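1. Only the shape, not the letters, is given here:
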Ligand SMILES: *Cc1c(COP(=O)(O)O)cnc(C)c1O
């Protein structure tokens, strides 16, 4: 039986083999080796278009939260499509510029912006800083004045709603380090309005990641719109409202709202409350790239055991952290499904940690040398990878129709310690 893959416009089985668009994954493994990240250009573009289509006819900007996958090829194709970017570091700003992205469509999020990063972003003339605290506002004001300019800002509000997602990726609750406490927001805007180095342009919220219900979004939006009304009563007008990212994807059995439905529900609230003329913004990460990528890995050994059997593969936790970090379930499917007696396997890597697993309790028919695809690996996969155990990072390939482009070369061990030195 052919396995089913979660929503993806880029991957399906043809003639008994899993393909990325028109290219078989077996071919890619031969050509580029494993472990290998494989992305589908079409899947990314369609995911972006679902936001763009739902927002057509109004002033809007979709800023890709690039921490989900910051490969230059991914940024490049989204920039060509008209996307802006949501960055969380000066390094990400350099990537935007290197990929041909537009700084005037770039917003800067994150709780710990350094003086150097603020300077760098002001010189690049980004669209706005999403302010996460009072001391950050003070710092940005001071840096802007020193440079003889004004910083455009929006305040990231913590709306105190429960996104009902994993605690590590929930960001909109009171006890969370992100955003400005709801009750403090109006006072912070009044403070901002008095500062010569600051120009208020918007408001922002982001309540978490892998959110699979519309309810928390609508609740957060209503609370943000209440603040917009309060600000207008105070004479503080805004140009944009940014509803953040966080829309979940299907890894297995999840049933997140469709992008178009969620955006339509939010826009209905925006219009009903009389703010339809403002620019609306979103900061999606996972929902643009998550189901547009797989991690391709090869079975090295099968190790039957009394309690459980292991399929030891060449990909590991350093390549894909989500399973061990969030206890996340990700699909694991054979590239060429075979007939025969199935066994139950834990799929584990070579790293010296018991936490080094990619999938558990999977009923599969496997032989050493078989290829497995870990599905829905396009977001927070490569971006969270490390060199633990002096493992070079995987290569990345972008498939476009019947072409495959190597968009990041596999790392060699010598590169990993090139910046290190022995003692004199
Ligand atoms: C991570 C992040 C996002 C994107 O979250 P996804 O769940 O990947 O959509 C958006 N905005 C901010 C501020 C973030 O930190």
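-> Right, received. Where do you want to start? Since the structure is predicted, the reported quantities are computational estimates derived from the model, not experimental observations. Numbering: from 1, shown residues only.
2. can you give me the helices in the stretch 101-250 of the chain?
-> Ranges of helices within the stretch 101-250 of the chain are 115-124, 134-146, 185-193, 215-233, based on DSSP state H, counting those that start in this stretch.
3. So for the last one, mean pLDDT?
-> Helix 215-233 shows a mean pLDDT of 95 in the predicted model.
4. between it and helix 185-193, how many degrees?
-> Angle of helix 215-233 versus helix 185-193, following axes from the mean of the first three to the mean of the last three CA atoms, to 10 degrees, is 50 degrees.
5. residues making contact with helix 215-233?
-> Helix 215-233 has contacts (CB atoms under 8 Å, 6 or more residues apart in numbering) with 157, 159-164, 172, 182, 185-186, 189, 203, 205, 207-208, 211, 237-238, 241, 243-244, 246, 262, 265-266, 269-270, 273, 275. For the C-beta atoms, the positions are set from N, CA and C on the backbone; glycine is no exception.
6. Would you mind naming what in the stretch 201-350 of the chain lies close to the ligand?
-> Within reach of the ligand by CB under 6 Å from any ligand atom, the stretch 201-350 of the chain has these residues: 206, 209, 244, 245, 246, 247, 283, 284, 285, 286, 287.
7. at 8 Å instead, please
-> By CB under 8 Å from any ligand atom, the part of the stretch 201-350 of the chain that sits against the ligand consists of 204, 206, 208-211, 244-248, 283-288, 290.
8. Produce a ChimeraX select command limited to the buried residues of these.
-> Listed next is the ChimeraX selection for buried residues among those, using 16 or more other CB atoms under 10 Å:
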select :204,206,208,209,210,211,244,245,246,247,248,283,284,285,286,287,288,290
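9. quick one: pLDDT of residue 3?
-> Looking at residue 3, its pLDDT stands at 79.
10. The one 5 residues further on too?
-> Among the per-residue scores, residue 8 holds a pLDDT of 75.
11. Identify the residue spatially nearest to it, adjacent ones excluded.
-> Closest residue to residue 8 apart from its sequence neighbours, by CB to CB, 6 or more residues apart in numbering: residue 291 at 4.6 Å.
12. Next up, the contacts around the closest residue to the ligand within the chain.
-> Of all residues in the chain, the one sitting closest to the ligand is residue 285 (2.5 Å; CB to the nearest ligand atom). Neighbour list for residue 285: 64, 65, 66, 67, 68, 69, 86, 209, 245, 379, 380 [criterion: CB under 8 Å, 6+ apart].
13. Need the contact partners of the strand or helix carrying the first one.
-> Element membership for residue 64, per DSSP states H and E: strand 60-65. Applying CB under 8 Å, 6+ apart, the external contacts of strand 60-65 come out as 48, 51-52, 55, 75, 78, 82-86, 105-107, 109, 127, 240, 242, 245, 279-285, 288.
14. where does the protein have low pLDDT?
-> 1, 164-175 (pLDDT under 70).
15. How about the contacts made by the residue positioned nearest the centre of it?
-> Geometric centre of the chain, nearest residue: residue 68, 2.5 Å, by CA atoms, centre = their mean. Contacts for residue 68 (CB under 8 Å, 6+ apart) come out as 285, 286, 288, 289, 290, 378, 379, 380, 383.
16. which residue packs closest to it, ignoring adjacent ones?
-> residue 285 (3.3 Å).
17. can you give me phi and psi for that neighbour?
-> phi -120, psi -80 (degrees, to the nearest 10).
18. how much space is there between it and residue 359?
-> Counting by CB to CB, to the nearest Å, the gap from residue 285 to residue 359 is 23 Å.
19. Now the element after the strand of greatest length in the chain, going C-ward?
-> Looking across the chain with DSSP state E, the single longest strand is strand 293-303. Per DSSP H and E, the first helix or strand lying C-terminal to strand 293-303 is strand 309-313.
20. other SSEs contacting the helix or strand that contains residue 267?
-> For residue 267, the host element (DSSP H and E) is helix 259-272. Other elements packing on helix 259-272 under the criterion 3 or more CB pairs under 8 Å, 6 or more residues apart in numbering; DSSP states H and E are helix 41-54, helix 215-233, strand 279-282.
21. Mind listing residues that contact that helix?
-> 47, 50-51, 53-55, 58, 214, 217-218, 221-222, 225, 241, 243, 247, 257, 276, 278, 280, 282, 284, 287.
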